[in-house]
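Undergrad: Pasting a predicted model and its sequence here:
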Amino acid sequence: MTGTMPIQRNEMSEKIIITGLVNKPKEFGYSDLALLPDQIKDVSTLAAGREGVGVKLSAIMAVVEPKKDVQYITLEAEGDFAASIPLDAVLDQAIVWYGLDGGPLPVEKGGPIRFLIPDPAACGTDVVDQCANVKWLKSIEMSAERGRDIRPTTLRAHEELHEKEKRGEQSGFE
């Protein structure tokens, strides 16, 4: 595997863009996310070892109004990582984690915006796994069919991606 440089804050998008099969495409930055209902004031109550504030994915969906034929969301991260997962499987538990200590979530924690599924196993599908916890989130695209997904498909590839991340190279997931 070739190495890549760690992501720096000045290279990161400070907003996420929600596009695709939605009635109201929208960008959300830190302040926009903080104004939504269904805030999670302490993410650690849902995901041990995490800290900061987030908002339920369902609150964002209420704003953008997905069209009735939406089946999947494709989560795109800085650094060319993507995961496409069934919306219904994560809608009720997924969090957009965006803040810590009164400001944006630090890059070192996967910020400024991160997608988090506190209990991927509870989603009841093998398509939703730890790798669907996307760091450095820059967009969510709604679609009727599964979108771009470059998560590892073998145990070996999965381990290599985690090793790359431990070396400080970007991987975009958990």
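TA: Yes, it's here.
Undergrad: Where does pLDDT dip in the protein?
TA: Along the chain, the parts satisfying pLDDT under 70 run over 1-12, 120-131, 153-155, 157-159, 161-162, 164-174.
Undergrad: can you map out the strands along it?
TA: In the chain, the strands defined using DSSP state E lie at 15-20, 26-29, 39-40, 53-56, 72-77, 81-86, 95-100, 103-104, 114-116, 137-143.
Undergrad: strands paired with the third one, and their directions?
TA: In other words, strand 39-40. Strand 39-40 has its sheet partners listed here by DSSP bridges as strand 53-56 (antiparallel).
Undergrad: Check what contacts the strand it pairs with and list those residues.
TA: Residues from elsewhere that reach strand 53-56, judged by Cβ atoms under 8 Å, 6 or more residues apart in numbering: 33-34, 36, 38-43, 94-100, 116. (Glycine included, C-beta is placed from N, CA and C.)
Undergrad: let's go with 7 Å and repeat that
TA: 33, 36, 38-41, 43, 95-99, 116 (Cβ atoms under 7 Å, 6 or more residues apart in numbering).
Undergrad: Please pick the buried ones from those.
TA: Buried residues within the contacts of strand 53-56, counting neighbours by 16 or more other Cβ atoms under 10 Å: 33, 36, 39-40, 43, 95-99, 116.
Undergrad: Switch those over to a markdown table; also include distance to Gly49.
TA: A markdown table is the format used below for those (distance: Cβ to Cβ, whole Å):
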| residue | distance to Gly49 |
| --- | --- |
| Leu33 | 21 |
| Leu36 | 24 |
| Gln39 | 20 |
| Ile40 | 15 |
| Val43 | 10 |
| Ile95 | 14 |
| Val96 | 18 |
| Trp97 | 12 |
| Tyr98 | 17 |
| Gly99 | 17 |
| Leu116 | 11 |
